[in-house]
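[1] quick one: sequence and predicted model below, then my questions.
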Amino acid sequence: MKKNNKTIHNLRGIFMISYNPLFRTMKEKNISSYKLLKRGFSRSTYYAIKHGKGITTNTIDQLCKLLQCEVPDIIEYIEIN
């Protein structure tokens with residue numbers, strides 16, 4: 001699995017929350033991690049995202065506000081069979 005994905009196992013299969021849309025959105029909007037940090041985003045939270053750790057809905061909300069985007073521009077849900 002890629003570093004920026006969180007994997008969830010259950011009885012039906014493997015499910016993954018991917019942060020790849022966030023990195024695409026940042027690239028499209030020409031916003032670096034440095035710019036996010038300057039806008040008040042937590043360095044430790046950005047580090048957690050880069051390493052595929054879980055984030056809260058408050059963090060998703062904050063990213064949507066900072067990047068002026070929608071939730072699908074931040075995360076995506078992938079089912080792996």
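    That came in fine, so what should we check first?
[2] low-confidence ranges in the protein?
    1-15, 81 (pLDDT under 70).
[3] and the residue nearest the centre of it?
    Residue closest to the mean C-alpha point of the chain, counted by Cα atoms, centre = their mean, is residue 19 at 3.4 Å.
[4] quick one: it and residue 74 touch, right?
    Yes. With contacts counted by Cβ atoms under 8 Å, residue 19 reaches residue 74, the gap being 7.3 Å. All C-beta spots, glycine's among them, are computed from the backbone N, C-alpha and C.
[5] hang on, residue 79 in a strand?
    Yes. The assignment for residue 79 (DSSP: H, G, I helix; E, B strand; the rest coil) places it in a strand.
[6] near it, how many other residues are there?
    A count of nearby residues for residue 79, using other Cβ atoms under 10 Å, gives 10.
[7] can you mark which positions in the longest helix seen in the chain are buried?
    Longest helix of the chain, by residue count under DSSP state H: helix 57-67. Within helix 57-67, the residues that count as buried by 16 or more other Cβ atoms under 10 Å are 59, 62, 63, 66, 67.
[8] what residues of stretch 68-81 count as buried?
    Neighbour counts over stretch 68-81 (16+ other Cβ under 10 Å) mark 69, 73, 74, 75 as buried.
[9] which stretch of helix or strand covers the residue lying closest to residue 72 once chain neighbours are set aside?
    The shortest distance from residue 72 to any non-neighbouring residue, by Cβ to Cβ, 6 or more residues apart in numbering, is to residue 21 (6.3 Å). For residue 21, the host element (DSSP states H and E) is helix 20-28.
[10] can you tell me what sits against the next helix or strand after that helix?
    Downstream of helix 20-28, the next assigned helix or strand under DSSP H and E is helix 33-38. For helix 33-38, contacts defined as Cβ atoms under 8 Å, 6 or more residues apart in numbering pick out 26, 43, 46, 66.
[11] any idea how far residue 29 is from the residue nearest to the centre of the chain?
    15 Å (Cβ to Cβ, to the nearest Å).
[12] and if you look at residue 22?
    Residue 22 sits 11 Å away from residue 29, going by Cβ to Cβ.
[13] need the max-distance pair from the buried residues of stretch 68-81.
    69 and 75 (11.1 Å; Cβ to Cβ).
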